[in-house]
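*Asks:* Sequence first, predicted coordinates after that:
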Amino acid sequence: MSTDRFFMVFAGVVVLLSVLLTWLSSPWWLLLAVFIGVHLIQAAFTGFCPLVMVLKAMGLKPGEIFP
């Protein structure tokens, strides 16, 4: 699995977790989904993502979005 695919899977899981926690617990959990959305937009424009830096250090192969 490349860093790009892991990044997309991770973002999707966190957004779904945020929605589930919002439904079960408190509407404040929607802020987590907002944070992930803002980070996705920022990463698309700048190409910078701390998660991808960690994944590269762990040995995952680079993808096309984050070379």
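*Replies:* That came through fine.
*Asks:* how about the residue sitting nearest the centre point of the chain, what does it touch?
*Replies:* For the chain, the residue nearest the mean C-alpha position is residue 11 (3.1 Å; Cα atoms, centre = their mean). By Cβ atoms under 8 Å, 6 or more residues apart in numbering, the contact list for residue 11 reads 36, 39, 40. Where C-beta positions appear, they are placed from N, C-alpha and C, glycine not excepted.
*Asks:* if we go to 10 Å?
*Replies:* By Cβ atoms under 10 Å, 6 or more residues apart in numbering, residue 11 lies in contact with 33, 36, 37, 39, 40, 43, 49, 51.
*Asks:* I'd assumed residue 52 was in contact with the fourth one.
*Replies:* No - using Cβ atoms under 10 Å, residue 39 is not in contact with residue 52, being 11.3 Å away.
*Asks:* the more surrounded of those two?
*Replies:* For residue 39 versus residue 52, neighbours defined as other Cβ atoms under 10 Å are more numerous around residue 52 (23 against 16).
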